[in-house]
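S.K.: Sequence and predicted model, in that order:
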Amino acid sequence: MTASCGTKTGLALSHFRIVPNCVPKGGELHMKLSLLVAAVISGCLCENTVNVRIDGKVTCSDSEFNYRVKLWEEDKSNHDFIAEEKAEGAEEEDYYSIGGRAHDGWFESYVEPFMTIEYTCGKKHECVCKFFKHTNVDLTETFNIDLKHHTYKRCDACSQAEERTHRQKSDNDGWTVVGAIVDNIDYSSHPGCF
């Protein structure tokens, strides 16, 4: 059974066939405009994902030092953690390479990558931030920092970075994990299990 323009029927859509020249006057323009609006809205609502890689050198002249570089994607409240690299007991200079996928959500057309650098270099503990250009394509940058002579400042993300570092340290206190072997467990409280 077929239907013509203006015909109402209670049959399922599979019983209809499209009748040529059945679009009401101006309907084609309305349909094109609807498709354009749908494309714009879906483009605005899509997530944006890019690969970010930062390589560089960390220096602290005349001193042994520790550092952690963490890569983040900036958000208004809680920044998205991407990756981390750390070194303890580095002497004068050390190289790092950190990277991962940065995601940004709805209504944003780019990601805002940045790094926090936590370190000791003639100081008990310091944290500074380095922001990179906002991007919607993969980003590869080189960033070298002299920890004794720089102009970078602490930012609000340092608190989140330090909290993450503290959590990692407290999670690992008293535990040594090598492959699937865990030391520092009192097996006597679990008779017959081990």
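M.R.: Structure's in. What do you need?
S.K.: Quick one: end-to-end distance for stretch 150-159.
M.R.: For stretch 150-159, the first-to-last residue distance is 20 Å (CA to CA, to the nearest Å).
S.K.: what's the average pLDDT for it?
M.R.: Across stretch 150-159, pLDDT averages out at 95.
S.K.: which other residues reach that stretch?
M.R.: With contact meaning CB atoms under 8 Å, 6 or more residues apart in numbering, stretch 150-159 is reached by 72, 74, 79, 114, 116-118, 126-130, 145. All C-beta atoms are positioned from the backbone trio N, CA, C, and that covers glycine.
S.K.: Going by secondary structure, residue 165 is in what exactly?
M.R.: helix 157-172 (DSSP states H and E).
S.K.: just residue 150 next, same as before
M.R.: Assigned by DSSP H and E, residue 150 belongs to neither a helix nor a strand.
S.K.: State the number of residues packed around it.
M.R.: By the criterion of other CB atoms under 10 Å, residue 150 has 14 neighbours.
S.K.: Dump the contacts of stretch 150-159 to CSV, plus distance to residue 161, pLDDT and neighbour count.
M.R.: Compiled in CSV, the contacts of stretch 150-159 are given as follows (distance: CB to CB, whole Å; pLDDT from 0 to 100; neighbours: other CB atoms under 10 Å):
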residue, distance to residue 161, pLDDT, neighbour count
72, 8, 97, 24
74, 13, 93, 19
79, 9, 93, 19
114, 10, 97, 20
116, 4, 98, 26
117, 9, 98, 23
118, 6, 97, 20
126, 12, 95, 16
127, 6, 97, 20
128, 10, 97, 18
129, 9, 98, 19
130, 12, 98, 18
145, 15, 96, 20
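S.K.: circling back to that earlier point, list the buried residues in the helix holding residue 165.
M.R.: The neighbour-count criterion (16 or more other CB atoms under 10 Å) identifies 157-158, 160-161, 164-165 as the buried residues of helix 157-172.
S.K.: Format the residues you listed as CSV; extra columns: distance to residue 103.
M.R.: Formatted as CSV, those follow (distance: CB to CB, whole Å):
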residue, distance to residue 103
157, 17
158, 22
160, 17
161, 19
164, 18
165, 23
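S.K.: coming back round to it: tabulate the contacts of stretch 150-159 in JSON lines, adding columns for distance to residue 57 and secondary structure.
M.R.: Putting the contacts of stretch 150-159 into JSON lines (distance: CB to CB, whole Å; DSSP: H, G, I helix; E, B strand; the rest coil) gives the following:
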{"residue": "72", "distance to residue 57": "20", "secondary structure": "strand"}
{"residue": "74", "distance to residue 57": "24", "secondary structure": "coil"}
{"residue": "79", "distance to residue 57": "24", "secondary structure": "coil"}
{"residue": "114", "distance to residue 57": "18", "secondary structure": "strand"}
{"residue": "116", "distance to residue 57": "17", "secondary structure": "strand"}
{"residue": "117", "distance to residue 57": "12", "secondary structure": "strand"}
{"residue": "118", "distance to residue 57": "17", "secondary structure": "strand"}
{"residue": "126", "distance to residue 57": "18", "secondary structure": "strand"}
{"residue": "127", "distance to residue 57": "19", "secondary structure": "strand"}
{"residue": "128", "distance to residue 57": "15", "secondary structure": "strand"}
{"residue": "129", "distance to residue 57": "18", "secondary structure": "strand"}
{"residue": "130", "distance to residue 57": "13", "secondary structure": "strand"}
{"residue": "145", "distance to residue 57": "8", "secondary structure": "strand"}
